[in-house]
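Student: starting from these lines, generate the structure:
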Amino acid sequence: MEKMTISVIVPVYNLENQLSRCLDSILAQTYRALEVIVVDDGSRDGSRAVLEDYARRDDRVKPIFKENGGVISARLRGVAEATGEWVGFVDGDDEIEPDMYGWLLENARKYGADVSHCGYQMVFSDGRVHYFHNSGRIREQDPDTAIRDLLEGTLVEPGLCNKLYRRELFRDLQLPTDIRINEDLLMNYYLFKAAKHAIFEDRCPYHYIIREGSASRSRLNEHRLYDPIRVKELILQDCAEALRPDAERALVNTCIYTYCGTVFDSSELSNRAAKDLRRTMAAHRGVLSALPKRTRLLGELILRTPRIFRLLYPVYVQRFQKSKYD
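Tutor: Below is the predicted model:
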């Protein structure tokens, strides 16, 4: 087999019915020098059989089977097995357009970048598509600029799957494996911190498929309530002094919108999380003035009049805030 330039890592858990579409889109890439490392993270359905069939038909597919340990452990296992100069990730229920990796690699070489990334499109089961953001904008980033963009989350999406990384960036990477939500932002923080230069072009060849029951759309649980806060706290603790204001704003912003979610859930877990979120917000109250007006107002109401907020916020959402992502 020829030396592969790009190692594409696909974590899989119980995706028997989605995996073929994903693998077909990767194997159809116009850039052919790929190895496709599919890490089955203890699936209990027929994912293994699908994966073994693909491995028989295309020797670029390298299957790995492990006990369930979560998506971080699956991705890191894939990185450990990778031989390419570059590493990309695709979730096992998504798909990519045929030119994505060739184009990302071309940009990386053209701009001398350690990370090359792009936008993505959110694809719904009813045929709707939302682009993030498909402006065509090109942005070169040093490490501080890239991390600020990730924390702000308006232009640059903090996921892993619309990016191509030089493999050496993973050399000293260590992450907690028990984080299930926002784990991609945490990994990106360390990877962009290690990168000397990154290039972002706002095209959208990655298709994020909205699927009922996925981790990001499940009901409130311990991970959804606490993981995003833990990720922001880890970044705040680690980041350079120049980035602390950005990291602190990101932490408080996440606390505010996570708290808003608890309003619609009366479980003991949700009520406990709401108290914890208010304590964290109070400890960083000084950054409220630096948040956008609407977010700042929400934060002040949560801190000053939490009972009134919990009564009025559902009415506000019902009347004025229908999500276009539902």
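Student: right, and the secondary structure at the closest residue to residue 48 other than its chain neighbours would be what?
Tutor: Ranked by CB to CB, 6 or more residues apart in numbering and with sequence neighbours excluded, the top spatial neighbour of residue 48 is residue 40, at 5.9 Å. In this view, the C-beta of every residue, glycine as well, is placed from N, C-alpha and C. At residue 40 the chain is in strand, as set by DSSP: H, G, I helix; E, B strand; the rest coil.
Student: show me what contacts residue 40?
Tutor: With contacts defined as CB atoms under 8 Å, 6 or more residues apart in numbering, residue 40 is in contact with 12-13, 47-48, 51, 63-66.
Student: which residue ranges of this protein form helices?
Tutor: With helices called from DSSP state H, the chain shows them at 19-27, 47-57, 71-81, 100-111, 143-152, 183-194, 222-238, 244-262, 268-283, 293-304, 306-320.
Student: list of residues touching the first one?
Tutor: Residues outside helix 19-27 that contact it (CB under 8 Å, 6+ apart): 8, 10, 12, 15, 34, 36, 38, 47, 50-51, 54, 58, 60-61, 90-98, 207.
Student: for the least confident helix or strand in the chain by mean pLDDT, packing partners?
Tutor: Across the helices and strands of the chain, mean confidence by mean pLDDT, DSSP states H and E is lowest for helix 306-320: a mean of 93. Identification of packing neighbours for helix 306-320 by 3 or more CB pairs under 8 Å, 6 or more residues apart in numbering; DSSP states H and E yields helix 293-304.
Student: mind giving me the packing neighbours of the helix it packs on?
Tutor: Packing partners of helix 293-304 (3+ CB pairs under 8 Å, 6+ apart): helix 244-262, helix 268-283, helix 306-320.
Student: show me where pLDDT drops low in the stretch 1-150 of the chain?
Tutor: 1-4 (pLDDT under 70).
Student: what does the stretch 201-326 of the chain give?
Tutor: Looking at the stretch 201-326 of the chain by pLDDT under 70, you get 212-218, 322-326.
Student: and if we set it to 80?
Tutor: Across the stretch 201-326 of the chain, residues meeting the criterion (pLDDT under 80) sit at 211-219, 321-326.
Student: now residue 191: how far from residue 207?
Tutor: To residue 207, residue 191 is 22 Å away according to CB to CB, to the nearest Å.
Student: same thing with residue 265?
Tutor: Distance from residue 265 to residue 207, by CB to CB: 30 Å.
Student: same check on residue 307?
Tutor: For residue 307, the distance to residue 207 equals 43 Å [CB to CB].
Student: same question, residue 104
Tutor: 15 Å.
Student: with residue 294 instead?
Tutor: Look at residue 294 and residue 207: by CB to CB, they are 30 Å apart.
Student: also residue 58?
Tutor: Distance of residue 58 to residue 207, given as CB to CB: 21 Å.
Student: more crowded one of those two?
Tutor: Applying other CB atoms under 10 Å to residue 58 and residue 207 shows that residue 207 carries more neighbours, namely 21 against 13.
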